[in-house]
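Q: Coordinates only, no sequence provided:
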């Protein structure tokens, strides 16, 4: 029975381009492993993934789909359900996203009802990071309503509390879990608010403080990942999760249910009394050095300009709201919400824009810088995991719903969530966000922005510097910026994508204006 | 008859790969054979030409010299295109009289499957042209490359478009289920071919080719048939691509 846990997928788990041919020598001919070299980390990560889905957790779901061409699709039932059969390797989000979190040193929130394997999955990540199963289990922080800051970080020694003349003489007995490479906080929505704040400092700043003393939480590899579980993602729980802590979750993944067709495997486990974390094959465990290299290699995957432009375009939809303020720069959802207004009501006031086209009208907020950084980081991790040289649009589309879930919030008053075939999207954030990105990409293509991006040209020209630019040339560029603004004004419509372009054009205009003033002898 | 990938210089040349070569002490023949196979070389041909080369070397006054060089020359001859530069350097040293641990020219010729009379011409011709073959090829055809995956080739669809790169023997090919009448299409598989007279290597650059026939960074720079010293001919009826001498 024990042998079945050791079954690993054969390499290569994915057919990956080996790169341009390299020069070989006669010495290579007599060198051991000259052809193969050490196992690449992306291959190790894929083997870990396949061990997790095939042996450790029973998850036959393939909801992160990749296809080239048109996948075979079936319409099922009478409520518009479709089942697509992807043509390329596709993945189970509730296993893949936690694994990518381990790779990038991120923070993953696993949500779902009790008994769906959330904690098991997090514990497996701890074992893959090199901790023993017993240590990982012992270090799981069980959220409960009586949990204090001391429960979380440790206690000052009572002897020192009596004898110490100052706080820095008090020795704090720090809890062992603080420096584990994988930190697990179970049912974090049952932790009292004050303790959540202490947790936030750890998650956000990477240190804990007690009695004037500080302890860094990073393990020797420098890579730490966090796994939180909750059985509610809608603001419920014993204590509401403070927004700053919720915002720190890089990805949110639903633990999917058990497929009854796999009950035989469950029966085998009950009979053997086995737990998957006790049987993680040693060859899948990442050493501290490998964890550091893994993160560096993921970060090094480039994002091509064409993909970056699509992300920019997507992000541009959400900040602007027509009646959000008076000054142009203040016509944002943030102005409304920080001023005590209701964004859905302000969106409703905008009768000039087509709600079906204005993607920004579907949300009550915009994307934070942190959310965009997370999106880029996980898209790189997805491309790395798939053995791609660069990030593709499909990599971005695959991680976007999980990176933005709980961050980009739907506008409940938008007609899309109120009526018709899309009504179920109000509860299914992952499908809605995936669709939102697909809509944005379709708009990008329809607007012909792929090859024609005058605003990008203005910014690129400015980025090349102003050295050697004479007064005539600077004036010409200033006029070009004004002409560009005039052409947008001429359309008579204003959408989020225009807002970002106009703010950027104003920035360029200001730079050239200042430069011209400097050329003419004034102050810049 | 099903045509398979191969090089014209190998056509009709019978090889006997039954006897493993016996190399000088310190050289692991099994390891070299395994590496040759993993790099895409024909192991039977490697055994055949290396066996002949070792026999020629053992007939000289330095029977145990030059076995490393001969192994490399034989691996190149059996199709390991990545060894070309190193093998040519070693061949030049052997022709120059070598020194310690260099093979005799006649042994080097045997490792390349050549008549010793052609060895000088081969070495000088190869410095400029990776397809030089002094005995002469029957026509312009150099090699058949690729092929249907079900028959041992790399492709599930036909190569539909090709462009030479600015390096000798280098080309890129767009593989696509649909005919590409108007030029390369974004989303095709893009492969790079590197070839010389003895062997070739096909590398998948990307399964999702960029638009407008662009070659991704690191894949090479587009050139012309003169720079590539060759051209690729595609046929609608075959999964094989034909590599021919530059017009």
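A: Great, that's in hand. Only a predicted model underlies this, so the values are computations on that prediction, with no experimental measurement involved.
Q: Check the secondary structure at the residue of chain B found nearest chain A for me.
A: Closest residue of chain B to chain A, Cβ to the nearest Cβ: residue B:72 (3.5 Å). Using the backbone N, CA and C atoms, a C-beta is placed for each residue, glycine as well. Put simply, residue B:72 is helix when judged by DSSP: H, G, I helix; E, B strand; the rest coil.
Q: Show the contacting residues for the nearest residue to it once chain neighbours are set aside.
A: In space, and not counting its chain neighbours, residue B:72 is closest to residue A:26: 3.5 Å by Cβ to Cβ, 6 or more residues apart in numbering or on different chains. Applying Cβ atoms under 8 Å, 6 or more residues apart in numbering or on different chains to residue A:26 gives the contacts B:68-69, B:71-72, B:83, B:86-87, B:90.
Q: Equivalent analysis for residue A:315, please.
A: A:366-367, A:372, A:500.
Q: hmm, back to that, ok, the contacts of residue A:26 vs residue B:22, which is closest?
A: residue B:71 (11.7 Å; Cβ to Cβ).
Q: For the residue lying closest to that closest one once chain neighbours are set aside, pull up the helix or strand it's in.
A: Counting by Cβ to Cβ, 6+ apart, residue B:32 is the residue found nearest to residue B:71 once chain neighbours are left out, at 5.2 Å. Per DSSP states H and E, residue B:32 falls inside helix B:29-38.
Q: Dead centre of chain A: give me the residue that sits there.
A: With distances taken as Cα atoms, centre = their mean, the residue of chain A nearest its centroid is residue A:403 (3.4 Å).
Q: Which stretches in chain B count as helices?
A: Applying DSSP state H to chain B gives helices spanning B:29-38, B:43-58, B:67-77, B:84-95, B:105-111, B:119-128, B:225-228.
Q: and those helices, which is most packed in?
A: helix B:67-77 (a mean of 29; mean count of other Cβ atoms under 10 Å in any protein chain shown).
Q: And for that one, what's in contact with it?
A: A:25-27, A:29-30, B:21, B:23-24, B:27, B:29, B:32, B:35-36, B:39, B:41, B:45-46, B:49-50, B:53-54, B:57, B:83-84, B:86-87, B:90-91, B:93-94, B:101-103, B:107-108, B:111-113, B:198-199.
Q: how does it look with 7 Å?
A: Applying Cβ atoms under 7 Å, 6 or more residues apart in numbering or on different chains, the contact partners of helix B:67-77 are A:26, A:29, B:23-24, B:27, B:32, B:36, B:41, B:45-46, B:49-50, B:53-54, B:57, B:83-84, B:86-87, B:90-91, B:94, B:102-103, B:107-108, B:111-113, B:198.
Q: can you give me the angle that helix makes with helix B:29-38?
A: Here helix B:67-77 runs at an angle of 20 degrees relative to helix B:29-38 (axes from the mean of the first three to the mean of the last three Cα atoms, to 10 degrees).
Q: Run the angle between helix B:67-77 and helix B:84-95 for me.
A: Inter-element angle recorded for helix B:67-77 and helix B:84-95: 130 degrees (by the same axes, to 10 degrees).
Q: Break the chain into its domains for me.
A: Defaulting to chain A. A:93-299, A:305-446, A:454-519 (automatic domain parsing).
Q: oops, I was thinking of chain B
A: B:6-128, B:141-245.
Q: What are the boundaries of the helices in the stretch 151-300 of chain A?
A: Using DSSP state H, counting those that start in this stretch, the helices of the stretch 151-300 of chain A run over residues A:158-163, A:193-205, A:243-247, A:263-272, A:288-299.
Q: all strands for chain B, in order.
A: B:6-7, B:141-146, B:159-164, B:170-175, B:189-195, B:200-206, B:230-233, B:240-245 (DSSP state E).
Q: In the stretch 401-524 of chain A, where is pLDDT below threshold?
A: The model of the stretch 401-524 of chain A has pLDDT under 70 over residues A:522-524.
Q: Ok, the stretch 251-400 of chain A next?
A: In the stretch 251-400 of chain A (pLDDT under 70), no residue qualifies.
Q: interface residues of it facing chain B?
A: Taking Cβ under 7 Å from any Cβ of the partner chain as the contact definition, the stretch 251-400 of chain A meets chain B at residue A:392.
Q: Could you find the closest non-adjacent residue to residue A:330?
A: residue A:324 is the one closest to residue A:330 (Cβ to Cβ, 6+ apart), at 6.7 Å.
Q: got a list of what that neighbour touches?
A: A:330-333, A:335-336, A:346.
Q: again, only this time at 6 Å
A: Shown in contact with residue A:324 (Cβ atoms under 6 Å, 6 or more residues apart in numbering or on different chains): A:331-332, A:335-336, A:346.
Q: Most neighbours among those residues, which one?
A: residue A:336 (23 neighbours; other Cβ atoms under 10 Å in any protein chain shown).
Q: That one contacts residue A:345, correct?
A: No: counting by Cβ atoms under 6 Å, residue A:336 sits too far from residue A:345 to count as a contact (8.6 Å).
Q: Got the confidence number for the residue nearest to residue B:71?
A: pLDDT, residue B:32: 94.
Q: just to revisit the earlier point, so what secondary structure elements neighbour the helix holding residue B:32?
A: helix B:43-58 (3 or more Cβ pairs under 6 Å, 6 or more residues apart in numbering or on different chains; DSSP states H and E).
Q: So, low pLDDT: which residues of the stretch 101-250 of chain A?
A: The stretch 101-250 of chain A contains residues with pLDDT under 70 at A:234-237.
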